[in-house]
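# Structural data only, the sequence is not supplied:
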């Protein structure tokens, strides 16, 4: 299905060359769940000693595989582990049948890979409300096991795509005093959600040795300023999942105080988060919104997200209109503290508004010229406190309406 | 500018025939604030004894005239009063100059009509961030006074339009045991806001005799289930204003317990609220969303508004796609309580989903046929409590993107 859509104009040039991560092997299969002529299942096998952390959608209608992952994620077991993901069907809002499908898949993986069932994590993405034909997946597991390969991450990134117009992956080698640690990740997602087809799924792998509780707190913390700081259309998936597996194959221990690892993890997660936004449904422009001078971090992010989610701001940017009045409106409606007469707004380096009015130095031609770019930065200084936040989004275009109004019909 | 746009396909056939309301006179003028060849100022004169109540945008960046109205609205003065409204410029985010413009206009009306200045209420709607050329308005006030006419309400509704594709008005005669009371109102608004051009302004007039505190509590209460129960694009104006004036000309006293008056007011306000939604920017379908079985009223409305504001739900409806999965998604993300396995969803009379899955009786063809209608009802039963809420919205179309992405550029 993804092949019907042209590659996003904001896409990075190519999928990066990602070297193997010690302790991780991948394989893919074409189970024919919905798509024809492409892969739709990926399996990642994780060596004994691996710890796994996860963050998940907060939706109260979350899908069966998400509920299953959440039950398993905190268990203090360090035997081998596995992640199995299918595209084409989200197994969401499928009642008790959905739980049975998850059980069948994770049980089959457990049997074939000789891994405890509560160490098998699964995700599903695609159409919702239709029963997942899980035997098509369980039938593939023997083949998936046979084909496991340390260098298969690019194919894994392909297999999990739905409406994505390109596969998303990234890689970083962190130099520590004890040697190098490798961090790699893949992601899919093109609407923040489009329940028929999209959802955001992210799988991160490192050969560092990290205790589960440390891994979880690092992931949760870094997630706030990366995947929780992006929005495409303000809608939240029933399936969003981010898993981070640390195999320990490098034998290099990382603890909670390791800034090197935290910074590396942040870099990898932000790269993937930006790749998701750059593939936002119909996206023509990549937008960074920074808010500073807020009373606290929560207010800063509330304002930034209100601007990023405003249909009127996003349509103005689509039309290359330097419509700062809509930024003022979004700040006004966000519910967080602001003082109209202390607001400052910049488009790029151009001061647009100050002291409750258009800036005396601002010329509409400058704003209009800036807005023609494909990467836009909007900066707001609230002038009432010390806190700041940055979020990323894309514009709201005719193509978004076309994708989402015409998909199933 | 409004004339560039075709009349909404959801518009009522004609502006209603509204008889005079005792104690109210109207006039209009062409001040040339922005538009050419049309009226852009309306004045309503209210007889001595009139009480006035108001509800306003909660935006923290609200416009100068809103701040001025809010200061005056609670004053216990019953001399004559006046309402003056201009279109073409919102006098919003115009710094101290904006306050001076409001002062100049209300002072001029006070002088010409011999009404205390703190009884002159003003609104402005149109482009934001540009200084209001208020002398163009003050120059018209003598002429406005000369032309005051009890039967001028239709012209008043025309003068306050911006991107509206039709003038909005309604009228009701309430029979009480002491005789008839008249209620009439006009409104403008086509985006929930589009700061360049739109905003929601509503002016209601009655000849009932109502104490100010009673009038205010009635207006605030009824507003929750009428104007606060509609949404076009989730964006909130810096200028939204609803004023209700009770002249007392009928000599019929209304108190807080009067269900007749409350019900009449609800009917008039709901009619105008629906007229605003029917003129939603780019609207092709009028949508009613009812949520029942919620734990409390707040949760019911939170769910209903989450569905009504979801870009994915609104684009699906634009595409006549019976995409109930997106309704499940919106409930999941709303933040209010729900149980996936107790949800029931109906499109019109058709049960679509139940017990956490698609309803066994549901046939996709039935849903697809229903979604072709221009008036759509979505009903959700959460099954976990006694509370309910109904809200109204319109679909999200290519025309919305065109209007908002292309307007200023």
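Ah, there it is. Since this is a predicted model, take the numbers as computed values, not measurements.
# can we go C-alpha only for contacts and neighbour counts from here?
Fine.
# what about the stretch 101-250 of chain A, any weak spots by pLDDT?
Counting by pLDDT under 70, the ranges of the stretch 101-250 of chain A that qualify are A:190-198, A:233-236.
# make it 80
Scanning the stretch 101-250 of chain A with the threshold set as pLDDT under 80 gives A:128, A:190-199, A:231-238.
# Where do the helices of it begin and end?
Secondary structure of the stretch 101-250 of chain A (DSSP state H, counting those that start in this stretch): helices at A:134-138, A:141-146, A:153-159, A:212-224.
# Please identify the deepest-packed of those helices.
Counting by mean count of other CA atoms under 10 Å in any protein chain shown, helix A:153-159 has the highest mean neighbour count of the helices of the stretch 101-250 of chain A, with a mean of 23.
# List of residues touching that one?
A:15, A:18, A:20, A:26-29, A:38-43, A:86-87, A:167-169, A:186-188 (CA atoms under 8 Å, 6 or more residues apart in numbering or on different chains).
# at 7 Å instead, please
Residues from elsewhere that reach helix A:153-159 (CA atoms under 7 Å, 6 or more residues apart in numbering or on different chains): A:26, A:27, A:28, A:39, A:40, A:41, A:42, A:167, A:168, A:169, A:186, A:187.
# In strands only, show me the residues you listed.
Within the contacts of helix A:153-159, residues falling in strands by DSSP state E are A:26, A:27, A:28, A:41, A:42, A:168, A:169, A:186, A:187.
# And the residue lying farthest from the centre of chain A, how far from residue A:325?
Farthest-out residue of chain A from its mean C-alpha position, per CA atoms, centre = their mean: residue A:360, at 40.4 Å. Applying CA to CA, to the nearest Å, the value for residue A:360 to residue A:325 is 15 Å.
# quick revisit: name the nearest of the ones in strands among the contacts of helix A:153-159 relative to chain B.
Ranked by distance to chain B (CA to the nearest CA), the ones in strands among the contacts of helix A:153-159 are led by residue A:187 at 20.8 Å.
# Could you count how many residues lie near the closest residue in space to the closest one that isn't next to it in sequence?
Excluding the flanking residues, the one nearest residue A:187 by CA to CA, 6 or more residues apart in numbering or on different chains is residue A:202, at 4.2 Å. The tally of other residues near residue A:202 (other CA atoms under 10 Å in any protein chain shown) stands at 26.
# Likewise for residue A:376?
Residue A:376 is flanked by 22 other residues according to other CA under 10 Å.
# Quick check: which element contains it?
Residue A:376 is part of strand A:375-381, with elements assigned from DSSP states H and E.
# Can you name the element that comes right after that strand?
Assignment by DSSP H and E places the next element after strand A:375-381 at strand A:387-394.
# Could you give me the buried positions within that following strand?
A:387, A:388, A:389, A:390, A:391, A:392, A:393, A:394 (16 or more other CA atoms under 10 Å in any protein chain shown).
# right, quick check: that strand against chain B, any contact?
No - Strand A:387-394 stays clear of chain B (CA under 7 Å from any CA of the partner chain), getting no nearer than 13.8 Å.
# Could you list every helix and strand that that strand packs against?
Contact here means 3 or more CA pairs under 7 Å, 6 or more residues apart in numbering or on different chains; DSSP states H and E; on that basis strand A:387-394 packs against strand A:286-294, helix A:297-309.
# hmm, back to that, could you verify that the residue farthest from the centre of chain A is part of a strand?
No - counting by DSSP: H, G, I helix; E, B strand; the rest coil, residue A:360 is not found in a strand; it is coil.
# now it: how far from chain B?
Separation of residue A:360 from chain B (CA to the nearest CA, to the nearest Å) stands at 12 Å.
# Over to residue A:100?
From residue A:100 across to chain B, the span is 14 Å (CA to the nearest CA).
# got it, and residue A:79?
Using CA to the nearest CA, residue A:79 is found at 33 Å from chain B.
# Could you confirm that residue falls within a helix?
No - the assignment for residue A:79 is coil, going by three-state DSSP, so no helix is present there.
# ok, the nearest residue to it once chain neighbours are set aside - contacts?
Computed as CA to CA, 6+ apart, the closest residue to residue A:79 that is not its neighbour in sequence is residue A:48, at 4.4 Å. By CA under 7 Å, 6+ apart, the contact set of residue A:48 is A:78, A:79, A:80.
# May I ask which of those residues has the most neighbours?
residue A:80 (21 neighbours).
# Can you tell me which of the ones in strands among the contacts of helix A:153-159 are classed as buried?
Among the ones in strands among the contacts of helix A:153-159, the ones that count as buried by 16+ other CA under 10 Å are A:26, A:27, A:28, A:41, A:42, A:168, A:169, A:186, A:187.
# Run a quick check on the third one versus residue A:43, I expect a contact.
What it means is residue A:28. Yes - counting by CA atoms under 7 Å, residue A:28 touches residue A:43, with 6.2 Å between them.
# overlap in contacts of the two?
Common neighbours of residue A:28 and residue A:43, using CA under 7 Å, 6+ apart, are residue A:144.
# Which neighbours in the sheet does whichever strand or helix holds residue A:83 have, and how are they oriented?
With secondary structure defined by DSSP H and E, residue A:83 is part of strand A:81-89. Take DSSP bridges as the rule and strand A:81-89 pairs in its sheet with strand A:41-46 (antiparallel), strand A:120-127 (parallel).
# distance of residue A:31 from residue A:314?
Taking CA to CA, one finds residue A:31 at 38 Å from residue A:314.
# And residue A:329, by the same measure?
Going from residue A:329 to residue A:314 by CA to CA gives 13 Å.
# that older thread, mind checking which of residue A:31 and residue A:314 has more residues around it?
Set residue A:31 next to residue A:314 and count neighbours by other CA under 10 Å: residue A:314 wins out with 28 against 25.
# residue contacts, the more buried one?
A:395, A:396 are the contacts of residue A:314 under CA under 7 Å, 6+ apart.
# Recalculate using a threshold of 8 Å.
Residue A:314 makes contact with A:308, A:394, A:395, A:396 under the criterion CA under 8 Å, 6+ apart.
# Spatially nearest residue to the third one (excluding sequence neighbours)?
Taking CA to CA, 6+ apart as the measure, residue A:395 lies nearest to residue A:314, with 4.6 Å between them; neighbours along the chain are not counted.
# Ok, the first one next?
Distance criterion CA to CA, 6+ apart; nearest residue to residue A:308, sequence neighbours excluded, is residue A:393 at 6.0 Å.
# Now do the contacts for the one you found.
Neighbouring residues of residue A:393 by CA under 8 Å, 6+ apart: A:230, A:231, A:232, A:277, A:286, A:287, A:288, A:289, A:308.
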